[in-house]
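Peer 1: Structural data only, the sequence is not supplied:
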């Protein structure tokens, strides 16, 4: 008998059919046992009453695979129909309970636990819906680029000889005793292909060595790339970007109704008749200041709060969740960005914001050999590392430009997910490789960090006192833990010193070989789950390079906040230094 899929069962009322799939869950009600089975298209309910058939499934756990032959009948259940008088064949018997209740509508546990059991958690219908929609996003992108834009798909390399965009955020690879890198993007290669096919696109992997724990960063992802040559105005690139996104939104809403419904029906707004508003970077900062009173007009970038407020403005004023910000500062753009006419401090580049998050960067590229050399030198990069790339400009490149969208961030933003890891099948980040945990000792959030500090102290059998603020017993010299950021590498460092002393930034720069500045409190909260004033001197728990000032070595007892600004720990100074095992140096001043 031919197998029938769950989605087609309603068309077989009164007929005897065969189904195959996994046990999703089992419910026993009196003499009846209800088995919910799952296949690739959905769920079906099987009503089991015959004792011999009940016995077959009595000890089975979710994930067991069955073949069931039964008669389809209409029902009052949510599924609308069910199988009666079943004959059950157990194809794979599972007797081990799953590590989480994936068979329920929602898994009620934290994301870390879900990721620890990703291969099983993916069977949850709500999680499955995310990736059904993500597949449709990628498919719609490919269809539009091929059929409408008439671009040619290309397949770039992932192992390359030098950083594709400069900077320090790349992974080194030992390539037969030669140092290669994993591609940060296919930017250089799509420009090469413009010289071949004029209009090109790709769905390509990217790798970025960002030691970031924020809810919107991954170290590996997929990029939706596009590049086009021969335009009269570089804003034609924005036109393509806008049209392809409207096509993606329309396609998902038409083809993924059930998946969207299982996620609560939320999706971004992009009415076809409403153009995405376009404002300059300078106008964006001014608008943010006028709407909030927060003055960031001297900043070189948009803060996360500014991105959220600007999208709120777009939704309120235009009825769309999308907003272009154009004309970015040269200092914030890659070497290949095209200078904006007489305003050399600006570039013909853009970011596209969506529902509070930046989802795209793009713009016009330099297209002459001399200009490209100038761009490389301005960024302090060696042209010798880009010989093959530079050669294309010696032999004729038209004015061209394009953009790149991260598939995972796009999925997260369009669906209103809280964390980009929810939009990656097997996410890689500083704690995981392809979903597998590699740094179990990296912690997030004040309470988790406090609990781990106390666990470590007890494990080492040191004397300490854990006190709430305001306690009369509080003693010891107060230690402050400062989180700094390298101005070039953007890497975080922790510097710990007595509260009575100030940090010497010149000494800090000598220690880490770059100038540093204080990390933004909002970033600290987002990246580490900590409030300034609650950061403990245990940088290893945050996976940051940690330093203690020399002066702490002579202190008998020290007192420090332990992850929460309302609680402290008092202990011996030398035992703190021994447990943290940080680098000790002189970087304080009166």
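Peer 2: The structure has been received and is ready for your questions. The structure presented is a predicted model; accordingly, all values stated were derived computationally and were not measured. Numbering: from 1, shown residues only.
Peer 1: Could you check how far the closest residue to residue 567 other than its chain neighbours is from residue 554?
Peer 2: Of all residues not flanking residue 567 in the chain, residue 468 sits nearest, at 5.6 Å (C-beta to C-beta, 6 or more residues apart in numbering). Heads up, the C-betas are built off the backbone N, CA and C, glycines and all. Residue 468 sits 28 Å away from residue 554, taking C-beta to C-beta, to the nearest Å as the criterion.
Peer 1: try residue 370
Peer 2: From residue 370 across to residue 554, the span is 60 Å (C-beta to C-beta).
Peer 1: for residue 396, same thing?
Peer 2: Residue 396 is 69 Å from residue 554, by C-beta to C-beta.
Peer 1: How about residue 313?
Peer 2: Residue 313 is 55 Å from residue 554, by C-beta to C-beta.
Peer 1: remind me, longest strand of this protein?
Peer 2: Longest strand in the chain by number of residues (criterion: DSSP state E): strand 16-29.
Peer 1: which residues are contacting that strand?
Peer 2: The contact list for strand 16-29 (C-beta atoms under 8 Å, 6 or more residues apart in numbering) reads 1-6, 9, 33-39, 43-44, 57, 60-72, 83, 91, 94, 103-104, 123.
Peer 1: does residue 170 count as helix, strand or coil?
Peer 2: coil (DSSP: H, G, I helix; E, B strand; the rest coil).
Peer 1: For it, the count of nearby residues, please.
Peer 2: Neighbourhood size, residue 170 [other C-beta atoms under 10 Å]: 20.
Peer 1: Which members of the contacts of strand 16-29 are classed as buried?
Peer 2: Burial by neighbour count, 16 or more other C-beta atoms under 10 Å: within those this picks out 4, 6, 9, 33, 35-39, 43-44, 57, 60, 62-68, 70, 72, 83, 94, 103, 123.
Peer 1: Tell me which of those residues fall in strands.
Peer 2: Assignment to strands by DSSP E places the following of those there: 33, 35-39, 43-44, 65-68, 70, 72, 83.
Peer 1: Which pair of those spans the longest distance?
Peer 2: Farthest apart among these by C-beta to C-beta are 65 and 72. That separation is 20.6 Å.
Peer 1: OK, contacts around the residue nearest to residue 567?
Peer 2: Counting by C-beta under 8 Å, 6+ apart, residue 468 has contacts 566, 567, 568.
Peer 1: Those residues into JSON lines, with extra columns for distance to residue 486 and secondary structure?
Peer 2: Putting the contacts of residue 468 into JSON lines (distance: C-beta to C-beta, whole Å; DSSP: H, G, I helix; E, B strand; the rest coil) gives the following:
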{"residue": "566", "distance to residue 486": "31", "secondary structure": "coil"}
{"residue": "567", "distance to residue 486": "30", "secondary structure": "strand"}
{"residue": "568", "distance to residue 486": "29", "secondary structure": "strand"}
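Peer 1: Mind putting the residues you listed into TSV with neighbour count and distance to residue 112?
Peer 2: As requested, those are exported to TSV (neighbours: other C-beta atoms under 10 Å; distance: C-beta to C-beta, whole Å):
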residue	neighbour count	distance to residue 112
566	13	25
567	18	23
568	22	27
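Peer 1: shouldn't residue 590 be in contact with residue 502?
Peer 2: Yes - the pair residue 590 / residue 502 is scored as a contact, 7.2 Å apart, by C-beta atoms under 8 Å.
Peer 1: ok, these two, which is more surrounded?
Peer 2: Between residue 590 and residue 502, counting by other C-beta under 10 Å, residue 502 is the more crowded of the two (12 against 5).
Peer 1: avg pLDDT for the helix or strand where residue 203 lies?
Peer 2: Counting by DSSP states H and E, the element that carries residue 203 is strand 199-207. The pLDDT scores in strand 199-207 average 97.
Peer 1: helices or strands up against it?
Peer 2: Applying 3 or more C-beta pairs under 8 Å, 6 or more residues apart in numbering; DSSP states H and E, one finds that strand 199-207 contacts helix 125-143, strand 152-153, helix 187-197, strand 220-229.
Peer 1: export these to a markdown table and tack on distance to residue 211 and mean neighbour count?
Peer 2: What follows is those, written out as a markdown table (distance: least, C-beta to C-beta, whole Å; neighbours: other C-beta atoms under 10 Å):
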| stretch | distance to residue 211 | mean neighbour count |
| --- | --- | --- |
| helix 125-143 | 26 | 18 |
| strand 152-153 | 33 | 14 |
| helix 187-197 | 22 | 21 |
| strand 220-229 | 14 | 23 |
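Peer 1: Make JSON lines out of these and add distance to residue 256.
Peer 2: Below are the helices and strands packed on strand 199-207 laid out as JSON lines (distance: least, C-beta to C-beta, whole Å):
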{"stretch": "helix 125-143", "distance to residue 256": "5"}
{"stretch": "strand 152-153", "distance to residue 256": "23"}
{"stretch": "helix 187-197", "distance to residue 256": "28"}
{"stretch": "strand 220-229", "distance to residue 256": "18"}
